[in-house]
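Visitor: I'd like to go over a predicted model; first the sequence, then the structure.
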Amino acid sequence: MSDDRDDRRGEDGQDRDGTPGDRREPRRNPLEGFGNILALVGVGYLLLLVLMNTDRIDVNVVFYTFQDTPVWWFTVLVVALTLLVDRLVRFVVRRARRRRGD
């Protein structure tokens with residue numbers, strides 16, 4: 001079964017009069033916006049944590065102690081460091097794959 005539009009097209013996919021043929025937009029991934037929604041939920045959860053935790057704690061790092069630090073500040077710091085390390089690891093892995101030629 002042949003469509004009339006196919007008869008008007010040349011080998012390059014354009015119509016005989018030089019205009020582009022039937023161009024369809026690529027299908028969108030249904031989960032495309034899911035990451036954005038999860039990010040917003042995460043930010044909302046972090047804000048809720050900040051508002052509910054007003055306690056203060058002592059944080060002991062290898063050679064230094066942060067005294068009387070708010071719990072929410074410590075949590076935001078841990079999340080930020082986790083994101084930073086994640087980006088760094090992804091960058092190194094991508095670069096290693098490019099060097100190998102994968």
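Guide: The structure has been received and is ready for your questions.

Visitor: need the longest helix for this protein.
Guide: Secondary structure assigned by DSSP state H gives helix 71-100 as the longest helix of the chain.

Visitor: and it, what does it pack against?
Guide: Judged by 3 or more Cβ pairs under 8 Å, 6 or more residues apart in numbering; DSSP states H and E, helix 71-100 is in contact with helix 34-52, strand 56-61. All C-beta spots, glycine's among them, are computed from the backbone N, C-alpha and C.

Visitor: nearest to residue 96 among these would be which one?
Guide: When the helices and strands packed on helix 71-100 are ranked by distance to residue 96, counting by Cβ to Cβ, first place goes to helix 34-52 at 24.4 Å.

Visitor: residue 66 bridge partners, please.
Guide: residue 59 (DSSP bridges).

Visitor: what count of nearby residues applies to residue 73?
Guide: Neighbour count of residue 73, defined by other Cβ atoms under 10 Å: 15.

Visitor: kindly report the same for residue 101.
Guide: Count around residue 101 with other Cβ under 10 Å applied: 5.

Visitor: pLDDT score for it?
Guide: pLDDT recorded at residue 101 is 74.

Visitor: want to try JSON lines for the helices and strands packed on helix 71-100, with mean neighbour count and mean pLDDT as columns?
Guide: Listed next are the helices and strands packed on helix 71-100 as JSON lines, based on neighbours: other Cβ atoms under 10 Å; pLDDT from 0 to 100:
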{"stretch": "helix 34-52", "mean neighbour count": "11", "mean pLDDT": "85"}
{"stretch": "strand 56-61", "mean neighbour count": "11", "mean pLDDT": "84"}
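
Visitor: with distance to residue 68 added, can I get those in CSV?
Guide: CSV is the format used below for the helices and strands packed on helix 71-100 (distance: least, Cβ to Cβ, whole Å):
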stretch, distance to residue 68
helix 34-52, 17
strand 56-61, 5
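
Visitor: and those: which comes nearest residue 80?
Guide: helix 34-52 (10.4 Å).
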